[in-house]
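**Q** Build me a structure from this.
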Amino acid sequence: MPAVSGLRLYGKRVMMRPLTPSDFPVWSEVRVRNEQWLVPWEPLRSSRVADPTRSRDAFSSRCAARDRERQAGTAYGFALFVDNVFAGEVNLNNIVRGALQSGTVGYWIDRDRAGHSYVAEGVAVLARFAFEELHLHRLEICIVPRNANSRRVMEKLQFREEGVALRYLEINGTWEDHMRFGITAEEWVKRRSELTDAWIS
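**A** Prediction:
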């Protein structure tokens, strides 16, 4: 496993690495500019907590929390870069070991970069990392059914749809149903060459 400070993942067009406090200006600019595009699909932020999109200190605290998660092996957050420009995030969260050996994947992208399959590429890169470096057994992606853009990522990757979980997550203040998509280590082994050729190398 690479050291946290040197962790880099590469696809054909994207590079992914953990965010650092020095990324605040570019991260903040993209998040603020895309607020109306992103907020409808995210959990409601507590008003008691400083907003990392507008507070450098809060963003630094967010980076430190993500560092602790990586060191503990419970989550891996990655900034997505296209042509060395920050474009979004692809994150592996809620890693559970023991008998489950599973994690959940979340992602978002700058609206100006949407429609070019950068997120699909990032998710394929993350899947290789999860299965071949972390040795997880299963990844899950949960999407609000009306979020057509996120669903399109799953269609491009042809991840297996597992059904709908009712009122599964709180999104923007409302408990929302989510479509659940999954891929197992066995499926990764069968599709590794296909996914690698298409998205990674």
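**Q** From now on I want contacts and neighbour counts done on CA atoms only, so please keep to that.
**A** OK.
**Q** I'd like to know how far residue 70 sits from residue 6.
**A** According to C-alpha to C-alpha, to the nearest Å, residue 70 stands 12 Å off from residue 6.
**Q** Which of these two has more residues huddled nearby?
**A** Taking neighbours as other C-alpha atoms under 10 Å, residue 70 and residue 6 compare with residue 70 leading, 18 against 9.
**Q** For the lengthiest helix in the chain, list the C-alpha coordinates in PDB.
**A** Using DSSP state H, we find that the single longest helix of the chain is helix 56-72. Extracted in PDB, the C-alpha atoms of helix 56-72 (Å, rounded to 0.1, in the frame of the first residue of the first chain):
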ATOM      1  CA  ARG A  56     -10.200  27.500   4.800                       C
ATOM      2  CA  ASP A  57     -10.000  26.200   8.400                       C
ATOM      3  CA  ALA A  58     -13.000  24.000   8.000                       C
ATOM      4  CA  PHE A  59     -11.600  22.600   4.700                       C
ATOM      5  CA  SER A  60      -8.300  21.900   6.500                       C
ATOM      6  CA  SER A  61     -10.200  20.100   9.200                       C
ATOM      7  CA  ARG A  62     -12.000  18.100   6.500                       C
ATOM      8  CA  CYS A  63      -8.700  17.100   5.000                       C
ATOM      9  CA  ALA A  64      -7.300  16.100   8.400                       C
ATOM     10  CA  ALA A  65     -10.400  13.900   9.000                       C
ATOM     11  CA  ARG A  66     -10.000  12.200   5.600                       C
ATOM     12  CA  ASP A  67      -6.300  11.600   6.500                       C
ATOM     13  CA  ARG A  68      -7.300   9.900   9.700                       C
ATOM     14  CA  GLU A  69      -9.900   7.800   7.800                       C
ATOM     15  CA  ARG A  70      -7.300   6.600   5.300                       C
ATOM     16  CA  GLN A  71      -4.800   5.800   8.100                       C
ATOM     17  CA  ALA A  72      -7.500   3.800   9.800                       C
END
